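*Asks:* Prediction below, plus the sequence it came from.
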Amino acid sequence: QVQLVESGGGLVQAGGSLRLSCAASGRTFSSYAMAWLRQAPGKEREFVAAISWSGGSTYYTDSVKGRFTISRDNAKNTVYLQMNSLKPEDTAVYYCAARSSFYSSDSAKYDYWGQGTQVTVSS
């Protein structure tokens, strides 16, 4: 069982930056692939980025490549999402998710989810 708690969301102007954090409970955090997904009002949940259990491999959706960076610190049981050059279309609730297997862009394949943190980018 893994419990996930996100933090770091907020209101930022376009072009600004935010860093999201996701703190995980449990001693097996390092065995889970982790991901960030987001859901904007009236839209389906969308994959944003994922990272392998070791942190050696990362994967991004095209719309955030070059702007967002996913990373993890297994000693702190935490995964991060550094978001730069934010755009109004990045506005959404951002969720952290964990999967006890290889990372995936399919949100349905993740086993554990956090409660989400709101990111709002003003124009």
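*Replies:* In hand now; what should we look at?

*Asks:* what's near enough to touch R99?
*Replies:* 32-35, 109-112 (Cβ atoms under 8 Å, 6 or more residues apart in numbering). For the C-beta atoms, the positions are set from N, CA and C on the backbone; glycine is no exception.

*Asks:* K43 and L37, how far apart?
*Replies:* 12 Å (Cβ to Cβ, to the nearest Å).

*Asks:* the more surrounded of those two?
*Replies:* Each of K43 and L37 has its neighbours counted (other Cβ atoms under 10 Å); L37 has more, 22 against 9.

*Asks:* May I have the strands that pair with the strand or helix carrying that one, each with its orientation?
*Replies:* Assigned by DSSP states H and E, L37 falls within strand 33-39. Strand partners for strand 33-39, identified by DSSP bridges, are recorded as strand 46-51 (antiparallel), strand 92-99 (antiparallel).

*Asks:* For S105, find the nearest of those.
*Replies:* S105 lies closest to strand 46-51 among the strands paired with strand 33-39, at 4.4 Å (Cβ to Cβ).

*Asks:* one step back: just the buried positions in the strand holding L37, please.
*Replies:* Residues of strand 33-39 classed as buried by neighbour count (16 or more other Cβ atoms under 10 Å): 33-38.

*Asks:* ok, back up a step: mind putting the strands paired with strand 33-39 into CSV with distance to S63?
*Replies:* Output for the strands paired with strand 33-39, formatted as CSV (distance: least, Cβ to Cβ, whole Å):
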stretch, distance to S63
strand 46-51, 9
strand 92-99, 12
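
*Asks:* Dump the ones you listed to CSV, plus distance to T28 and mean pLDDT.
*Replies:* Formatted as CSV, those follow (distance: least, Cβ to Cβ, whole Å; pLDDT from 0 to 100):
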stretch, distance to T28, mean pLDDT
strand 46-51, 16, 97
strand 92-99, 10, 97
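
*Asks:* Tell me the one of the contacts of R99 nearest S7?
*Replies:* Nearest member of the contacts of R99 to S7, counting by Cβ to Cβ, is M34, at 14.9 Å.

*Asks:* pretty sure the closest one is in contact with S101, am I right?
*Replies:* No: applying Cβ atoms under 8 Å, one finds M34 not in contact with S101, separated by 11.7 Å.
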